[in-house]
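In: Fold the stuff below for me.
(one chain, ligands or ions: 1)
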Amino acid sequence: MSTPDGELSPEEQAIISEEEAFLRRVLGSLEAARLRGGERTQETERLIAQLEVLRDDAVSAPVADLPHLFHQMDQTRALLDRQKVTRLPEFSAPYFAHLKVNGPVGDRDYLLGRTSYADASADVRIIDWRFAPVARVFYRYGEGDSYEEWFGERLSEGTVLVRRLVVIERGRLTRIQVGPLVLVRSPEGAWRRVGAGAMSPLAGGMGTAVRPGRLGVGQGASRREGALDVTALLDAEQFEAVNVAADEPLLVLGSAGSGKTTVALHRLAKIAFDERARYPESRMKVIVPEEGLARLSRRLLAPLGLEKVSVETLDSWAALTARIAFGAKALKVWEDTPPLVSKFKRHPALRRALAARLGVLKSSATTLPRLRKRLAELFTDRRFLEGVVSHSKGDLPLTAIDELVRHTMLQIATPLERELEGVDPDRLQTLDGKSLQSDTPDELAGTLDLEDLPLLLFLRAQGGNLGAVGRLVHVVLDETEDFSLVELFVVGRLLGDARSCTLAGDEMQQTSTSFAGWPAVLAELGIQDAATCRLQVSYRCPAPITALARHVLGTQAPSTAPQAGREGAPVGLHHFPDEAQAHLFIGEALRELLEREPHASVAVIAQGPEQARAFHRMLADTSWARLVLEGDFSFEPGVDVTDVDNVKGLEFDYVVIPDATARAYPVNDEARRRLHIAITRASHQLWLVSSGVRSPLLAGC
Ligand SMILES: Nc1ncnc2c1ncn2[C@@H]1O[C@H](COP(=O)(O)OP(=O)(O)OP(=O)(O)O)[C@@H](O)[C@H]1O
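Out: From the prediction side, this is the model:
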């Protein structure tokens, strides 16, 4: 197929003709089915009317006739249910891949989609990627491979003749991918071959010729509608993980951008589909540490048909679970816990010390007031706290004790409003209309830290008493490295003996808690025997970014490097004498980028919220720059100015790190992991900009 760029070879033209003919046939068949479906709608109407008549009859029927009437109503309802499940594939995009095999019944074409559909007379077979046995052949074998698969009791052998990924938009074929060959249709209708580019495995391609001084590889120049569906792209290893039996616990590990979230959510979709009765969506949950990832997960679940699965952040999950478990109408929660106190309360050493000190409490000792009192006693008991610090092996400083004791004393003080009960409320307001305690340390009185909620739940769950909190049938925990041991313990109790769960994680991305290691995580959930899968390919980031991410991790980097999915633009490193110059330079580059690529998604990821605010002030007058510090990403084109804690699990076309300085990223393990997270959010190009003293973590780059 070696013809000059732009000119299609006869083989390429044949592929296009074949796929277009297929699509025409499928759409014709679906249209006919839709018309027939019209009759079915009439049938549905008839059944609804019949049900209403039966209901009316039942109101006035003699008691002796009721069993017969109820039986008829049940039958009608069953027929109605059957009507509703006949769903046709979407006309706008009925499938996303084409597989042709030469098997026991000769040559046969299968199309992979989200809804099964068969029309033998038109020779159309759309199979559901989640359960059709033939889908395994698609995911496990390449074009030209011989295959051997057990379909139930039957061994099937054959050869894969065709394996193509297709993109269909609004009923039009717009892209075909066969191995490294990518054929794309322009909006005007002409087909062309493009460089394997963004998808190619280490083959050079789009972006490699980009000058490091210029931001932009053309990725955001036009709308990204023709993107391949990630369900079609799952590799064999990911597909195996998605197919692990529903009742088995699974741990999915892998470097940043290797598809852990993708696998976890696809497994959820598969389980919900295979065993809807045992795994109702209402009793499955996705829990993630941050709001941004929660929003992204909801967006990813929608096309998988799982809009009803609840996605919660750790904080919102703990708050709701605590309210239900303790039957509390509202809890006065303090969300601004000092970082050191927060670290202390989430530390594995505290979990162990708590268990050793309190043991399993009797049910009567686990009411909310009693548990709060017990915790307050412990958090002001210096000997107990010193024990925790010493068990943390240097991870918690001794200064944490003073801070925790002071903080707890303020929390257990009697709230001012209670002390001043009976005083005229008008006299208790300050000149600016605020309450007396507002903006003073008294504000803390009577509050609980967000971090206390999992601890209270843990103490209660140990005795097996989580009150009215509903059991879970399957849970997905993403970024599990950031869950504390007590949170994991509570989740484990909510799963009970079911143990059906998917954990996704990467210890190199741990930021918000001290990670106790995977064996401890699994033990806490009671799933020590969980199957583990390690994803090997770094799909998100091109090779230059993957290499830098490893360099930054230093000795923490895992011994085997992930396989880079593709080549890409070199990383841009820019240094300026002072911050103002650096900010101006980035501002100009962003302005210019968005003029050229108005559909690009860009993140400026600062080390912390203050730095993000400072940078955003410079762009505050633009319509395209959004300050995002509470995870409220819109996922629209434009620039999100944010910080490291907000971006875990997310990805952007372009990432600019505006403060790659020694102050923001000094030489320590935590700084290494934080810089690593920021770097690995980029799917096309990365810039690191510094002023003053450049981060030593970039030495040698
Ligand atoms: N087999 C695949 N082929 C191509 N792209 C893939 C494949 N698997 C995942 N991706 C894409 O790679 C990107 C990263 O995937 P995902 O977010 O699931 O990775 P992750 O391991 O959870 O990342 P992180 O560690 O940052 O949380 C996404 O854009 C996803 O669509």
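In: Surely Arg346 is in contact with Glu451?
Out: Yes: Arg346 is within contact range of Glu451, at 5.9 Å (criterion: CB atoms under 8 Å). C-betas here are computed from N, CA, C, even on glycine.
In: what's the distance between Gln510 and the ligand?
Out: From Gln510 across to the ligand, the span is 11 Å (CB to the nearest ligand atom, to the nearest Å).
In: how close does that residue get to Ala664?
Out: Distance, Gln510 to Ala664, using CB to CB, to the nearest Å: 19 Å.
In: do the same with Asp449
Out: Distance of Asp449 to Ala664, given as CB to CB: 27 Å.
In: Please identify the residue of the stretch 1-150 of the chain positioned nearest to the ligand.
Out: Tyr139 (9.7 Å; CB to the nearest ligand atom).
In: ditto for the stretch 451-600 of the chain
Out: For the stretch 451-600 of the chain, CB to the nearest ligand atom, closest residue to the ligand: Tyr539, 3.5 Å.
In: For that residue, list the residues it contacts.
Out: For Tyr539, the contact set (CB atoms under 8 Å, 6 or more residues apart in numbering) comprises 257-259, 565.
In: Looking at these, which are in strands?
Out: Taking DSSP state E, every one of the contacts of Tyr539 sits outside strands.
In: Looking at these, which is nearest the ligand?
Out: The ligand lies nearest to Gly259 out of the contacts of Tyr539, by CB to the nearest ligand atom, at 3.2 Å.
In: List the buried residues in stretch 307-315.
Out: Buried residues in stretch 307-315, counted by 16 or more other CB atoms under 10 Å: 309-315.
In: so which of those residues would you say is closest to Val160?
Out: Val309 (33.6 Å; CB to CB).
In: related to what we said a few turns ago, pull the most distant pair out of the buried residues of stretch 307-315.
Out: Val309 and Asp315 (18.7 Å).
In: Okay, now the unreliable bits of the stretch 251-400 of the chain?
Out: For the stretch 251-400 of the chain, no stretch is flagged by pLDDT under 70.
In: how far out from the middle of the chain is stretch 239-255?
Out: Distance of stretch 239-255 from its chain centroid, counting by CA atoms, centre = their mean, to the nearest Å, is 15 Å.
In: is that stretch anywhere near the ligand?
Out: Yes: Stretch 239-255 reaches the ligand (CB under 6 Å from any ligand atom) through Gly254.
In: and the host helix or strand of Ala603, is it in reach of the ligand?
Out: Using DSSP states H and E, Ala603 maps to strand 601-606. No: using CB under 6 Å from any ligand atom, strand 601-606 stays clear of the ligand, with a minimum separation of 11.5 Å.
In: Which strands and helices lie in contact with that strand?
Out: Contact partners of strand 601-606 among helices and strands, from 3 or more CB pairs under 8 Å, 6 or more residues apart in numbering; DSSP states H and E: helix 579-596, helix 609-619, strand 638-643, strand 652-657.
In: Hey, what's the angle from it to strand 652-657? Just curious.
Out: Per axes from the mean of the first three to the mean of the last three CA atoms, to 10 degrees, the angle that strand 601-606 makes with strand 652-657 is 20 degrees.
In: partners of strand 601-606, with directions?
Out: strand 638-643 (parallel), strand 652-657 (parallel) (DSSP bridges).
In: would you list these in JSON lines and tack on mean neighbour count and distance to Ala33?
Out: Listed next are these as JSON lines, based on neighbours: other CB atoms under 10 Å; distance: least, CB to CB, whole Å:
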{"stretch": "strand 638-643", "mean neighbour count": "25", "distance to Ala33": "41"}
{"stretch": "strand 652-657", "mean neighbour count": "26", "distance to Ala33": "39"}
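In: Of all those, which one comes closest to Val124?
Out: The nearest among the strands paired with strand 601-606, by CB to CB, is strand 652-657 at 36.8 Å.
In: Outside of that closest one itself, list whatever touches it.
Out: Residues outside strand 652-657 that contact it (CB under 8 Å, 6+ apart): 215-216, 219-220, 586, 589-590, 593, 597, 600-606, 640, 675, 678-679, 681-689.
In: Close to the ligand: what parts of the stretch 451-600 of the chain are there?
Out: So the stretch 451-600 of the chain meets the ligand at 506, 509, 539-540 (CB under 6 Å from any ligand atom).
In: Sorry, wrong one. I was asking about the chain.
Out: Proximity of the chain to the ligand is confined to 230, 233-235, 238, 254, 256-262, 506, 509, 539-540, 649, 651 under the rule CB under 6 Å from any ligand atom.
In: The residue nearest to Leu619 when sequence neighbours are not counted: how many residues sit nearby?
Out: Leaving aside its sequence neighbours, Leu619 sits nearest to Ala625 (CB to CB, 6 or more residues apart in numbering; 3.8 Å). Using other CB atoms under 10 Å, Ala625 has 21 neighbouring residues.
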